[in-house]
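In: give me coordinates for this.
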Amino acid sequence: MKASRILELARECGFELAGVARAEPLAEDNQLYLDWISRGMAGAMGYLTDRRAVVRTDPRLLLESAQSIVCVGKIYNVAGPSSADANSYGRISRYAWGEDYHDVMRAELEDLARKLGNHHHWKVCVDTAPLLERSYARRAGLGWIGKNTCLINQGIGSWIFLGEILTSLELEPDSPPPDRCGTCTRCIDACPTGAIPAEGYEIDARRCISYLTIELRGAIPKELRPGIGSHLFGCDICQDVCPWNREAPVTNEQAFERRHAAPDLEEAAQITEDEFREMFRKSPVRRAKYAGFLRNVAIAMGNSGDQKFRVPLSSLAESADETVAEHARWALERIATA
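Out: So this is what the prediction gives:
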């Protein structure tokens, strides 16, 4: 099957990008990954460091008969939120403004896998599978891995969800594009918590706002809280400042339409656990858990320096969850000295 036909089928299924990589180990990428986790850069994300770390070194451990990997990209960029009073609102990462992309991508990948033919074994992967998906996406020609570790496509930018189909079909592989980050350091310079080292091309998850607000359970280190700003779930700063996103196209996918971009902080501080589950029922935001979300709300209120948050913070300081209560007390102290 020709590359042009694979791209045509991929577009029929809802993807803007598609390419093919060989289903084989990537020795250099594997070594970089194993070195990264050996230095503790994954923080508390055990699913990156347990036995699945070994599985990531060879896609054939996911599908023994795999010969090729069809890599796809789907745009999730939508128009940004606006607010007359930024202090009143929290920030949610763009990828979580709409419905959970895992469900959308998985259904479309399965559709594409069937379109590739009836006589092949296949397995679809979104980002929950132990696969170095950005490395294979680069090999498949979808883009290069930037200094902020995002996959960047020259024509589309980095607001892209990635997905893969491991298949027993032997398909002609594509080739990776050149790295076009050049001497630019905008993402490195803009990160408020210093999560990207001076040379770039890796993230210290322990300092990353996305990790701190989503993956980390319990207390966030006090020295990192000011840098979190008003982020409640994830962070887009390194992508917002990337020159390759200046003219990034907007998605046509209705499931990704903006629903949860900028929650009102006072309202967010008062929601019950049942309301949280219902509000974010189809959203990636539920991954932060209720207590984690309230913890993040408290930090955002404290960082605003706005005295109007004294009342909701005082209520959160009485929470039965000690992590929430401690962060609310910290926030009260912060606005007291603002």
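
In: what score does the nearest residue to residue 327 once chain neighbours are set aside have for pLDDT?
Out: Among residues not flanking residue 327 along the chain, residue 298 sits closest, at 4.2 Å (C-beta to C-beta, 6 or more residues apart in numbering). Backbone N, C-alpha and C define where each C-beta goes, glycine included. pLDDT, residue 298: 98.

In: the one 4 residues further on too?
Out: We note a pLDDT of 97 for residue 302 in this prediction.

In: you'd agree it is up against residue 316?
Out: No - taking contacts as C-beta atoms under 8 Å, residue 302 lies outside contact range of residue 316: 10.4 Å.

In: so what sits against both of these two?
Out: Shared contacts of residue 302 and residue 316 (C-beta atoms under 8 Å, 6 or more residues apart in numbering): 327, 331.

In: does the residue nearest to residue 327 touch residue 313 like I think?
Out: Yes - counting by C-beta under 8 Å, residue 298 touches residue 313, with 6.3 Å between them.

In: what residues are shared contacts of these two?
Out: 269, 328, 331.

In: looking at residue 298 and residue 313, which one has more neighbours?
Out: residue 298 (30 against 24; other C-beta atoms under 10 Å).

In: and for the helix-or-strand element of the chain with minimal mean pLDDT, what's in contact with it?
Out: Using mean pLDDT, DSSP states H and E, helix 52-55 stands out as the lowest-scoring helix or strand of the chain, at a mean of 74. Here helix 52-55 makes contact (C-beta under 8 Å, 6+ apart) with 33, 34, 37, 61, 62, 130.

In: please report how far the fifth one lies from residue 111.
Out: If I follow you right, that is residue 62. Distance of residue 62 to residue 111, computed by C-beta to C-beta, to the nearest Å: 20 Å.

In: higher neighbour count, the two?
Out: residue 62 (18 against 15).

In: can you pull the contacts of the more buried one?
Out: With C-beta under 8 Å, 6+ apart, residue 62 has these contacts: 55, 123, 125, 129, 130, 131, 166.

In: same check on residue 253?
Out: With C-beta under 8 Å, 6+ apart, residue 253 has these contacts: 14, 74, 75, 76, 98, 104.

In: quick check, pLDDT for residue 81.
Out: pLDDT, read off for residue 81, is 57.

In: ugh, typo on my part, it should be residue 84
Out: 45.

In: ditto for residue 257
Out: 88.

In: from the contacts of residue 253, which ones fall inside helices?
Out: residue 104 (DSSP state H).

In: I'd like the contacts of residue 253 laid out as JSON lines, including distance to residue 337 and neighbour count.
Out: Shown next, in JSON lines, are the contacts of residue 253 (distance: C-beta to C-beta, whole Å; neighbours: other C-beta atoms under 10 Å):
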{"residue": "14", "distance to residue 337": "50", "neighbour count": "20"}
{"residue": "74", "distance to residue 337": "45", "neighbour count": "23"}
{"residue": "75", "distance to residue 337": "43", "neighbour count": "22"}
{"residue": "76", "distance to residue 337": "39", "neighbour count": "21"}
{"residue": "98", "distance to residue 337": "38", "neighbour count": "23"}
{"residue": "104", "distance to residue 337": "45", "neighbour count": "21"}
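
In: mind putting the contacts of residue 253 into JSON lines with distance to residue 246 and pLDDT?
Out: Converted to JSON lines, these look like this (distance: C-beta to C-beta, whole Å; pLDDT from 0 to 100):
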{"residue": "14", "distance to residue 246": "25", "pLDDT": "95"}
{"residue": "74", "distance to residue 246": "20", "pLDDT": "97"}
{"residue": "75", "distance to residue 246": "15", "pLDDT": "97"}
{"residue": "76", "distance to residue 246": "17", "pLDDT": "96"}
{"residue": "98", "distance to residue 246": "23", "pLDDT": "91"}
{"residue": "104", "distance to residue 246": "26", "pLDDT": "93"}
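
In: which of the contacts of residue 253 lies closest to residue 251?
Out: residue 75 (4.4 Å; C-beta to C-beta).

In: which residue is the nearest non-sequential neighbour of the closest one?
Out: Going by C-beta to C-beta, 6+ apart, residue 75 has residue 251 as its nearest residue, at 4.4 Å.

In: hey, where'd the strands end up in this structure?
Out: Under the criterion DSSP state E, strands of the chain are mapped to 17-22, 68-75, 91-92, 122-125, 144-145, 151-152, 160-167, 231-233.

In: dump these to CSV, plus distance to residue 189.
Out: Formatted as CSV, those follow (distance: least, C-beta to C-beta, whole Å):
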stretch, distance to residue 189
strand 17-22, 28
strand 68-75, 26
strand 91-92, 19
strand 122-125, 33
strand 144-145, 19
strand 151-152, 17
strand 160-167, 23
strand 231-233, 18
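
In: which one of these lies nearest to residue 198?
Out: Short answer: strand 144-145, nearest of the strands of the chain by C-beta to C-beta, at 17.2 Å.
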